[in-house]
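Colleague: would you be able to build a 3D model of this:
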Amino acid sequence: MLNVLITFLRLGMTSFGGPVAHIGYFRRELVERQRWVTEAQFAQYLALCQFLPGPASSQLGFLLGMHRAGFAGALCAFIAFTLPSVLLLLLFASSVATLSGPIGQAAIAGLKLVACVVVADALWAMWRALCPDTPSRLIALLSLLIMLTLQSPATQLIVIAGGGLALR
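Modeller: Predicted structure coming up:
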């Protein structure tokens, strides 16, 4: 359980870029480096968390902590990963007046650029790992095209069902 706490605290203090980037960091750390789960298990956990309402990265962290050390591991993972963000948000909120000047705006613009690179890197890593062959890549691209064209909750369910049927 201590390993879960330390791992997720380190991830929480270094994982910037939003939920997609967090998922990429989780994959790199817990599938590739520490081998807590296999690529297939990670993909199944991610699919489950993407299907549920709410932030998939938080749910995935909770689930990976539970996989490693039961319910106590899940709580450790959630608290350790979330606490640094909460503290950073409080720090930014307390210095909002300073951030409204030109230096603060430049810093925020720089952080946005870094976040774009981090998210792109995470997407690329997940693309390579979760879409290893031509059929899965075609399904992913077709799903993206459909979701960008027909934006509705019903479309999401249809795309998920269609992707599942296509992989059978």
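Colleague: hey, let's count contacts and neighbours off CA atoms from now on
Modeller: Will do.
Colleague: so which strand or helix has the spatially most central residue of the chain?
Modeller: Closest residue to the average C-alpha location of the chain: I23 at 2.6 Å, with Cα atoms, centre = their mean. Counting by DSSP states H and E, the secondary-structure element that holds I23 is helix 19-26.
Colleague: packing partners of that helix?
Modeller: For helix 19-26, the packing partners by 3 or more Cα pairs under 8 Å, 6 or more residues apart in numbering; DSSP states H and E come out as helix 56-94, helix 102-130.
Colleague: before we move on, back to that, how close does the residue nearest to the centre of the chain get to L9?
Modeller: Between I23 and L9 the distance, using Cα to Cα, to the nearest Å, works out to 15 Å.
Colleague: list the buried residues of stretch 32-45.
Modeller: Of the residues in stretch 32-45, those scored as buried under the neighbour-count criterion (16 or more other Cα atoms under 10 Å) are 36-37, 39, 42-43, 45.
Colleague: ok, so of those, who is nearest L5?
Modeller: W36 (13.9 Å; Cα to Cα).
Colleague: picking up where we left off before, of all the helices and strands packed on helix 19-26, which gets the most neighbours per residue?
Modeller: Compared across the helices and strands packed on helix 19-26, helix 56-94 shows the largest average neighbour count, a mean of 19 (mean count of other Cα atoms under 10 Å).
Colleague: for the record, mean pLDDT for it?
Modeller: Regarding helix 56-94, the rounded mean pLDDT is 93.
Colleague: which elements pack onto that helix?
Modeller: Packed against helix 56-94 by the contact rule (3+ Cα pairs under 8 Å, 6+ apart) you find helix 2-14, helix 19-26, helix 39-51.
Colleague: to M66, which of these lies closest?
Modeller: When these are compared for distance to M66 using Cα to Cα, the nearest one is helix 2-14, at 9.3 Å.
Colleague: any buried residues in the closest one, and which?
Modeller: 4-5, 7-9, 11-12.
Colleague: for the residue nearest to the residue nearest to the centre of the chain when sequence neighbours are not counted, give me its contacts.
Modeller: Closest residue to I23 apart from its sequence neighbours, by Cα to Cα, 6 or more residues apart in numbering: S57 at 5.6 Å. Under the criterion of Cα atoms under 8 Å, 6 or more residues apart in numbering, the neighbours of S57 are 19-20, 22-23, 49.
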